[in-house]
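J.: give me coordinates for this.
(one chain, ligands or ions: 2)
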Amino acid sequence: MRIELPREFERLGAVRIYGSQKIYELDAGPGSPGCGEEDGVVRRLAAESLYAVQREMVVVVPVRSERLKLIEGVLVGIPQPCPVIVVSNSPRAPIDRFYLEQDSIGNFCQFTRKPVMVVHQKDPQLAAAFAAGGYGEILGEDGLIRDGKAEGMILGTVLARLLGRRYVGFVDADNYLPGAVNEYIREYAAAFLLNEGDHVCARISWHSKPKVVEQALYFAKWGRSSRQCNRVLNMLVSHFTGFETDIIRTGNAGEHALTLDLAMSMPYATGYAVEPFHFVHLLEEYGGILPQTAHGDMRRLIKICQIESRNPHFHAAKGDGHVDDMVRGSLATVYHSPLCPDSLKEEIVATLRHLGCLPEDGLIPPVRIYPNLAQLDLEAFRTQVRELLERRPGAARGAAAGL
Ligand code: GDD
Ligand code: MG
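T.: Ligands and ions are numbered 1, 2, ... in the order given. Purely as a prediction, here's the structure:
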């Protein structure tokens, strides 16, 4: 891969947000593993180096009622070295969609010998594992893991940690292009190669997200949600640096990857607010703005790397109501942060009103925030999961044996 080096970064305390990086070649040829060749502006990363990082990466695919063909396409795009964890929250009645997913993924694995673990978010044993680990906040009134993409991602992150790898990457199950999925994961690897350390986050901004406008393809760059989310996060950063910036391009990047050390040391926002809350949390905790908290160690540098992918992003359209929820959730993470100045609060209210997303009472509901994952007793969780896998081998396949 040939990738541009970041031209700029914003630094707040221990947080470094790098400007978006372009890809010049998806495959820039072989070479001995290492950190690539330097020419000041771009870096060539040998295929072997990218593979070496991928061997340390688990890929988590959150699924809720996606078409089986789409899920299979995503699995096709995930490079061979990465074990996969599919976390499904698909309904089990009246049709057991989870059974169909397991069946179809099992069939795929027979052809590829790919290690894919498939778990269900509502599995009582997984809920018991969180309860045993002292992380009951993720459980709903029914005692099971709550609905939501973030909730599935938290589960996937913990399972990835148990697999003993160094990195976790996320790809949505509704990606239409296997080639795009393949690119995202190679870019995660590139980010980890370029940024040494255990506190790195890689986020993808799409080069384009095509839509059909007047019977022709229009290669839009920003969606309604991402445009507003990035603007508000940039205003937050600008407020503290005193310089207007547009550095943040990946406010709600569903496609992102983290070092597991970082992923296991963060609190999470529910549902689709999970990605913008990464920025909000890291600035709160390590931005050097609020008085240092219990977890905030200012000496560890947190690097947020943003890469612009080349493949267009095609995914399943899920309607305007869904986007409204996403905008509201994203902006609420900033609005309710102790970092948010009054002027930005007013701007957020005005934005939501303009978009027709402000609730009638004019109040922006806070989003649920789960505690720092560092609070989870991993050994207690592991014990419960081992029982689950021994008792119900059909619930998980492939890499499950590695647990
Ligand atoms: N396990 C699990 N549990 N997965 C879920 C759940 C859930 O409750 N809800 C949704 N998913 C899965 C979907 O099946 C899909 O694979 C992925 O999570 C993303 O959900 P979508 O409903 O497709 O979200 P989106 O496409 O509108 O938004 C995506 O892109 C945004 C950036 O534009 C998401 O990744 C957002 O988080 C992201 O901000
Ligand atoms: Mg989607």
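J.: can you show me the helices along the stretch 51-200 of the chain?
T.: 68-77, 97-112, 124-132, 149-162, 178-194 (DSSP state H, counting those that start in this stretch).
J.: what's the angle from the longest one to helix 68-77?
T.: Relative orientation of helix 178-194 versus helix 68-77 (axes from the mean of the first three to the mean of the last three C-alpha atoms, to 10 degrees): 40 degrees.
J.: relative to the whole chain's centre, how far out is helix 178-194?
T.: 13 Å (C-alpha atoms, centre = their mean, to the nearest Å).
J.: what secondary structure does the residue in the stretch 151-300 of the chain that ligand 1 sits nearest to sit in?
T.: Residue of the stretch 151-300 of the chain nearest ligand 1, by C-beta to the nearest ligand atom: Gly254 (2.0 Å). Where C-beta positions appear, they are placed from N, C-alpha and C, glycine not excepted. Secondary structure assignment for Gly254 (DSSP: H, G, I helix; E, B strand; the rest coil): coil.
J.: look up the closest residue to it, ignoring the ones flanking it.
T.: Using C-beta to C-beta, 6 or more residues apart in numbering and skipping the chain neighbours, the partner closest in space to Gly254 is Asp172 (5.1 Å).
J.: Val323 contacts Arg224, doesn't it?
T.: Yes. Between Val323 and Arg224 there is a contact under C-beta atoms under 8 Å: 5.5 Å.
J.: more neighbours, the two?
T.: Here Val323 and Arg224 are compared on neighbour count by other C-beta atoms under 10 Å; more neighbours surround Val323, at 18 against 15.
J.: before we move on, back to that, nearest to Cys357, out of the helices of the stretch 51-200 of the chain?
T.: helix 149-162 (18.8 Å; C-beta to C-beta).
J.: name the helices or strands packed onto that closest one?
T.: Helices and strands touching helix 149-162, by 3 or more C-beta pairs under 8 Å, 6 or more residues apart in numbering; DSSP states H and E, are strand 57-63, strand 84-88, strand 116-120, strand 167-170, helix 260-263, strand 268-269, helix 274-286, helix 378-391.
J.: what's in contact with the fifth one?
T.: Right, the one you point to is helix 260-263. With contact meaning C-beta atoms under 8 Å, 6 or more residues apart in numbering, helix 260-263 is reached by 157, 160-161, 165-168, 198-201, 302, 373.
J.: quick one: least confident of these?
T.: Least confident entry in the contacts of helix 260-263, by pLDDT: Asp198, with 92.
J.: neighbours of it, just the number please.
T.: The number of residues packed near Asp198 is 13, by other C-beta under 10 Å.
J.: enumerate the residues of this protein near ligand 2.
T.: Proximity of the chain to ligand 2 is confined to 174, 315 under the rule C-beta under 5 Å from the ion.
J.: low pLDDT regions in the chain?
T.: Along the chain, segments meeting pLDDT under 70 span 33-38, 292-299, 387-403.
J.: from Lys303, how far off is the residue sitting nearest the centre point of the chain?
T.: Nearest to the mean C-alpha position of the chain, by C-alpha atoms, centre = their mean, lies His256 at 4.1 Å. Distance, His256 to Lys303, by C-beta to C-beta, to the nearest Å: 13 Å.
J.: what touches both of those two?
T.: The contact sets of His256 and Lys303 overlap at Cys201 (C-beta under 8 Å, 6+ apart).
J.: as CSV, the helices and strands packed on helix 149-162 with distance to Pro30 would be great.
T.: Shown next, in CSV, are these (distance: least, C-beta to C-beta, whole Å):
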stretch, distance to Pro30
strand 57-63, 20
strand 84-88, 25
strand 116-120, 28
strand 167-170, 22
helix 260-263, 28
strand 268-269, 39
helix 274-286, 34
helix 378-391, 38
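J.: looking at these, which is buried most?
T.: Most buried of the helices and strands packed on helix 149-162 by mean neighbour count (mean count of other C-beta atoms under 10 Å) is strand 167-170; its value is a mean of 28.
J.: packing partners for that strand?
T.: In this structure, strand 167-170 makes packing contacts with strand 57-63, helix 149-162, helix 178-194, strand 256-259, helix 260-263, judged by 3+ C-beta pairs under 8 Å, 6+ apart.
J.: alpha carbons only: can I get it in CSV?
T.: Provided in CSV are the C-alpha atoms of strand 167-170 (Å, rounded to 0.1, in the frame of the first residue of the first chain):
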residue,chain,number,x,y,z
TYR,A,167,-6.1,-5.1,17.6
VAL,A,168,-9.8,-5.1,17.0
GLY,A,169,-11.4,-3.8,13.8
PHE,A,170,-15.1,-3.3,13.0
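J.: good, we can wrap up now.
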